[in-house]
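Student: A predicted structure for the sequence below; I have some questions about it.
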Amino acid sequence: MTQILSKDMALIVAWVIALASSFAVLYIGEVLGQAPCNLCWFQRAFMFPLAVVLGLGIWWQDDRVGRYGIPLAFGGAVTALWHMGLYTGVLPEPIKPCTATGPSCTGDNQLFLGVPIPLLALIAFVMIAFLSFLSLKEPRT
């Protein structure tokens, strides 16, 4: 059975997702003027290095760079999942990190093109983790 996505292509797609996500949040913040909430800052702290690390791994032809993408994407996915739980009201009010200062983690400012930003981030992180994992798999002989 042949592989649908080669190891190199999986890594390139993961990098494109990380790069596009990084540019998207910069666009939302800098062009649209929407200040990020506390959890958005943490998600950025995971996404921005992914764009750099995966890009350098591709540039240097490092077949094992996916091993750095997986923990970064996992950390970002956990943060985005927590943010999504707050946004949807699944998590209780007392553990909201954004109520003291700064923009709300659950307000209307958390929508981009009608889709919750935490959901977009969660999807991106899960896809990057999965593709990074695929880039580490040895081909079957």
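Tutor: Nice, I can see it.
Student: rest of the way, CA atoms for contacts and neighbours
Tutor: Fine.
Student: Quickly run through the sheet partners of the helix or strand bottoming out on mean pLDDT in the chain, with directions.
Tutor: Averaged element by element with mean pLDDT, DSSP states H and E, the chain has its least confident helix or strand at strand 111-112 (a mean of 76). Using DSSP bridges, strand 111-112 pairs in its sheet with strand 115-116 (antiparallel).
Student: average model confidence for the next helix-or-strand element following the strand it pairs with?
Tutor: Next helix or strand after strand 115-116 toward the C-terminus (DSSP states H and E): helix 117-136. On average, the pLDDT along helix 117-136 is 95.
Student: Show me which residues of helix 117-136 are buried.
Tutor: Of all the residues in helix 117-136, those buried under the rule 16 or more other Cα atoms under 10 Å are 117-119, 121-122, 124-136.
Student: Likewise for stretch 35-55?
Tutor: 35-40, 43-44, 46-51, 53-55.
Student: Now intersect those residues with the helices, please.
Tutor: 38-40, 43-44, 46-51, 53-55 (DSSP state H).
Student: Turn the residues you listed into a markdown table, including pLDDT.
Tutor: Shown next, in a markdown table, are these (pLDDT from 0 to 100):
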| residue | pLDDT |
| --- | --- |
| 38 | 84 |
| 39 | 87 |
| 40 | 88 |
| 43 | 95 |
| 44 | 94 |
| 46 | 97 |
| 47 | 97 |
| 48 | 97 |
| 49 | 97 |
| 50 | 97 |
| 51 | 97 |
| 53 | 97 |
| 54 | 97 |
| 55 | 96 |
